[in-house]
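In: Only the shape, not the letters, is given here:
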């Protein structure tokens with residue numbers, strides 16, 4: 001019987017709703033979404049191109065920034081096709097296996113981004129607290145291992161949660177309340193005991209985000225202690241400025257992520273528009289804002305952007 005249910009589930013079709021009540025405006029609503037996706041793709045590809053082509057940026061801090069850009073796009077791009085298929089009235093259908101694959105990428109890269117932010121916090125800790133050993137500690141080989149470990153940790157952790165969905169019968173509604181697939185949204189439709197998924201999902205969020213956020217907090221405690229020991233005011237300001245972009249990136253990821261989790265778990269009876277709004281902020285805000293923040297706050301990235309946008313003489317004059 002379990003095999004039959006699994007077979008039926010794997011071949012089943014689900015339906016995405018888009019933004020309920022605003023179906024007549026879907027084409028207009030797609031315009032800001034299109035602009036946000038384009039801004040996120042262009043911004044992160046620009047960051048990657050600048051880091052790739054400028055040998056001066058082949059340093060640990062910028063390698064981690066490149067990882068952040070990749071995870072930003074990994075979070076948002078898997079939703080793009082299904083969202084525009086719904087908003088442009090092409091199709092609302094999505095197959096179960098495509099839905100699970102979409103969830104896998106969204107949740108894997110969101111957890112990976114949290115790990116990358118932890119790695120960036122450790123990078124700032126080493127740069128400020130142990131500057132003379134910075135290049136010795138954070139070698140390219142170690143950075144590559146950190147990136148691979150972050151991705152594998154997230155992928156392995158999320159797999160049991162999504163694998164169980166194949167054994168759930170969805171005998172009632174097959175209508176999902178978003179323009180893409182989220183695990184929290186799908187388990188609502190299962191007419192089976194979803195206690196494992198609910199508990200495992202909560203533990204996963206608590207452990208992974210908890211470990212990463214605790215590591216980030218601890219790193220900044222040591223950073224703050226070290227910065228306050230710097231004699232000159234200019235030196236303290238310079239040290240704090242090197243951390244400002246990272247702190248903004250942490251807030252941009254964690255605030256929407258925590259908000260979405262709270263809404264899905266503890267505000268189930270709130271307006272559906274709030275759920276949809278939070279879900280899109282969670283996926284689109286970090287990819288759009290992170291490149292802007294790092295372009296504004298990081299001199300080397302800002303110079304790289306100016307070299308791309310302005311003729312050499314003008315960019316030299318501006319700098």
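Out: Cool, got the structure. Quick caveat: nothing in here was measured; it's all calculated off a predicted structure.
In: Mind jotting down where the helices sit in the stretch 1-150 of the chain?
Out: For the stretch 1-150 of the chain, the helices defined by DSSP state H, counting those that start in this stretch cover 2-10, 26-53, 60-87, 96-129, 134-137, 140-163.
In: Any buried residues in the fourth one, and which?
Out: To tie it back to what came earlier, the one meant is helix 96-129. 96, 98-100, 102-129 (16 or more other CB atoms under 10 Å). Every C-beta, even on glycine, is put in place using the N, C-alpha and C of the backbone.
In: what's the answer for the fifth one, then?
Out: Buried residues in helix 134-137, counting neighbours by 16+ other CB under 10 Å, are found at residue 134.
In: Tell me the gap between it and the middle of its chain.
Out: 28 Å (CA atoms, centre = their mean, to the nearest Å).
In: Quick one: residues in contact with it.
Out: 60, 126, 127, 130 (CB atoms under 8 Å, 6 or more residues apart in numbering).
In: Need these in CSV (columns: pLDDT and distance to residue 229).
Out: Output for the contacts of helix 134-137, formatted as CSV (pLDDT from 0 to 100; distance: CB to CB, whole Å):
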residue, pLDDT, distance to residue 229
60, 91, 23
126, 92, 16
127, 89, 15
130, 88, 14
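In: Tell me the one among those residues nearest to residue 309.
Out: The shortest approach to residue 309 among the contacts of helix 134-137 belongs to residue 60, at 26.6 Å (CB to CB).
In: What's the separation between that closest one and residue 212?
Out: 18 Å (CB to CB, to the nearest Å).
In: now residue 71
Out: 13 Å.
In: Comparing those two, which residue is more hemmed in?
Out: More crowded of residue 71 and residue 212, by other CB atoms under 10 Å: residue 71, with 29 against 23.
In: Tell me who's in contact with the more buried one.
Out: So residue 71 contacts 109, 112, 113, 116 (CB under 8 Å, 6+ apart).
In: Now do the contacts for the residue lying closest to it once chain neighbours are set aside.
Out: Of all residues not flanking residue 71 in the chain, residue 113 sits nearest, at 4.0 Å (CB to CB, 6 or more residues apart in numbering). Listed by CB under 8 Å, 6+ apart, the contact partners of residue 113 are 68, 71, 72, 75, 253, 286.
In: Would you enumerate the residues in contact with the closest residue to residue 96 other than its chain neighbours?
Out: Counting by CB to CB, 6+ apart, residue 96 lies nearest to residue 12, which is 4.9 Å off, once chain neighbours are set aside. Contacts of residue 12 were listed using CB under 8 Å, 6+ apart, and they are 95, 96, 170, 174.
In: do that again at 10 Å, thanks
Out: 95, 96, 97, 99, 169, 170, 174 (CB atoms under 10 Å, 6 or more residues apart in numbering).
In: residue ranges of the strands in the stretch 201-319 of the chain, please?
Out: Shown for the stretch 201-319 of the chain, no strands are assigned by DSSP state E, counting those that start in this stretch.
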